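Undergrad: here's a sequence, model it:
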Amino acid sequence: MRRAVEGARAAGCEWMFVDFEPHLESFYLESCGFRPTSAGLVHLR
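TA: Presented below is the predicted three-dimensional model:
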C-alpha cells in the first residue's frame, strides 16, 4: 500500500479509495491509514 500511495501522490492524484471485505477493515483503516466514508455504488453490468 505504501508504494501505491506514494505513486498516486507522485502522479498528482488527490484521492485514493479502496473497497474491502469486512474482515480486512482493521488492516486498511488501522494499518494503512484509510478512513471510513459514506459512498454510493452502482453496478453497471
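
Undergrad: please make it C-alpha for all contacts and neighbour counts, starting now.
TA: Noted.

Undergrad: what's the mean pLDDT across the helix or strand that contains residue 3?
TA: Using DSSP states H and E, the element containing residue 3 is helix 2-10. For helix 2-10, mean pLDDT is 94.

Undergrad: contacts for that helix?
TA: 16, 32 (CA atoms under 8 Å, 6 or more residues apart in numbering).

Undergrad: what does stretch 33-41 give?
TA: So stretch 33-41 is contacted by 17, 28-29 (CA under 8 Å, 6+ apart).

Undergrad: pick the one among those closest to residue 44.
TA: residue 17 (18.9 Å; CA to CA).

Undergrad: from residue 3, how far off is the closest residue in space to that closest one that isn't next to it in sequence?
TA: Using CA to CA, 6 or more residues apart in numbering and skipping residues adjacent in sequence, the residue nearest residue 17 is residue 34, 7.8 Å away. Residue 34 sits 14 Å away from residue 3, going by CA to CA, to the nearest Å.

Undergrad: which one of these two has more residues nearby?
TA: residue 34 (15 against 8; other CA atoms under 10 Å).

Undergrad: three-state assignment of that one?
TA: In three-state terms, and counting by DSSP: H, G, I helix; E, B strand; the rest coil, residue 34 is coil.

Undergrad: could you check how far it is from residue 4?
TA: 13 Å.

Undergrad: counting contacts, what elements does the helix or strand that comes right after the helix holding residue 3 pack onto?
TA: Counting by DSSP H and E, the element after helix 2-10 in chain order, helix or strand, is helix 25-26. Contacting helix 25-26 under the criterion 3 or more CA pairs under 8 Å, 6 or more residues apart in numbering; DSSP states H and E is no other helix or strand.
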